[in-house]
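In: From the sequence below, what's the structure:
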Amino acid sequence: MHQNIFITGASGFIGKALIKEFIRRRFNFKAYSRKKTNHFNFVGKYSDITPVKNSILIHLAQSNKSSKNYKSEIETMNTLMKKNWEHIIFASSTKLYGDKTSKPHKENEKINSYDNYTKMKKLSEQIVLKKGGTVFRLSNVYGSGVNKKTVIGLIKNNILRRRKIILREVQSVRDFIFIEDVIRAFIKALQIKPKKILNISYGSSYSIEEVVKITQKILKLETIKFQIKQKLKKNSIIFVDNNKAKTILRWKPKYTISKGLEKFFNNR
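Out: Numbers count the residues shown, from 1 in each chain. Next up, the predicted model:
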């Protein structure tokens, strides 16, 4: 890979995994973070990044706490897009589809923003596509280094401490995809430059309760004690169709939910 790759949000879960694989493959890259650390290039504002010739931008850095600052994130996106990138890959989210229907969501369906986070992602996608970039709508990514506040992060943290699992609820149904499959999709996009919206997902969904049961089987635990904080009044379901990504990227997930969780729990 001879292009110069610029990564924003390099200190995050996906950023660290990308960098690890890029080092292994000896890619040329620069990693940027707004966190001061010895491992990445510190930048106060991502809009200050300046590309060199034949540069590709992987933009992972957008705040999850977007109730107040999403407009500044859009300003950053607009400034970045005005720069001379050979290609851009932007990390969006399948949360854009909402959780009110059990049908498999496809990239061409109408998106209705329902909060500031989805409004930010929707506007960002439009900016990237107008520039000729690629949008990845990522489902629930898990693997080594995942945030402990995510569902699978909480399950692992609780089990390894031999405590009961405390979860807000266990009814929600989500598409869980292993980090290594996500990284492979990014590498494919660097080569192909799809210039489209693509769902990067496992392609099947599981309830949180099912994930716990799979974990129980993997770890050979006779029982798991739960503390559930609430019961949902309505179903919360996100099914995501990944056939477009399979076709365009010539990619498909290698890890089933069982194999992914097994590797995740064995990597302590």
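In: Might you report the residue contacts of the nearest residue to Ser258 once chain neighbours are set aside?
Out: Spatial nearest neighbour of Ser258, excluding adjacent residues (C-beta to C-beta, 6 or more residues apart in numbering): Ile214 at 5.7 Å. For the C-beta atoms, the positions are set from N, CA and C on the backbone; glycine is no exception. Ile214 makes contact with Tyr206, Ile257, Ser258, Leu261 under the criterion C-beta atoms under 8 Å, 6 or more residues apart in numbering.
In: Emit the ChimeraX select command for whichever of the residues you listed are buried.
Out: Command for ChimeraX, covering only those of these found buried under the criterion 16 or more other C-beta atoms under 10 Å:
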select :206,257,261
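In: Which of the contacts of Ile214 fall in strands?
Out: Tyr206 (DSSP state E).
In: And the residue nearest to Ser258, how close does it get to Glu125?
Out: Distance, Ile214 to Glu125, using C-beta to C-beta, to the nearest Å: 32 Å.
In: Kindly report the same for Ile111.
Out: For Ile111, the distance to Glu125 - C-beta to C-beta - is 8 Å.
In: Mind listing the shared neighbours of the two?
Out: Leu96.
In: In the stretch 1-150 of the chain, mark out all the helices, start to finish.
Out: 13-25, 66-81, 116-130 (DSSP state H, counting those that start in this stretch).
In: next one: the stretch 151-268 of the chain
Out: With DSSP H, counting those that start in this stretch as the criterion, the stretch 151-268 of the chain has helices at 151-160, 179-192, 208-218, 243-249, 257-266.
In: Tell me how far the shortest one lies from the chain's centre.
Out: This points to helix 243-249. In terms of C-alpha atoms, centre = their mean, to the nearest Å, the centre of helix 243-249 is found 17 Å from the chain centre.
In: helices and strands around it, which ones?
Out: helix 179-192, strand 197-200 (3 or more C-beta pairs under 8 Å, 6 or more residues apart in numbering; DSSP states H and E).
In: do the longest one as well
Out: Under the contact criterion of 3+ C-beta pairs under 8 Å, 6+ apart, helix 179-192 touches helix 13-25, strand 87-93, strand 134-138, strand 140-142, strand 197-200, helix 243-249.
In: Relative to Gln216, how far out is the residue in the chain sticking out farthest from the centre?
Out: Here the centre of the chain is the reference, and by C-alpha atoms, centre = their mean the most remote residue is Glu222, at 32.3 Å. Using C-beta to C-beta, Glu222 is found at 8 Å from Gln216.
In: hang on, the earlier thing: looking at the helices of the stretch 151-268 of the chain, spot the one closest to Asn4.
Out: Using C-beta to C-beta as the measure, helix 179-192 is the one of the helices of the stretch 151-268 of the chain that comes nearest Asn4, at 11.3 Å.
In: tell me the angle the closest one makes with helix 13-25.
Out: Relative orientation of helix 179-192 and helix 13-25, computed by axes from the mean of the first three to the mean of the last three C-alpha atoms, to 10 degrees: 70 degrees.
In: how far does helix 179-192 sit from the chain's center?
Out: That offset, for helix 179-192, works out to 12 Å (C-alpha atoms, centre = their mean).
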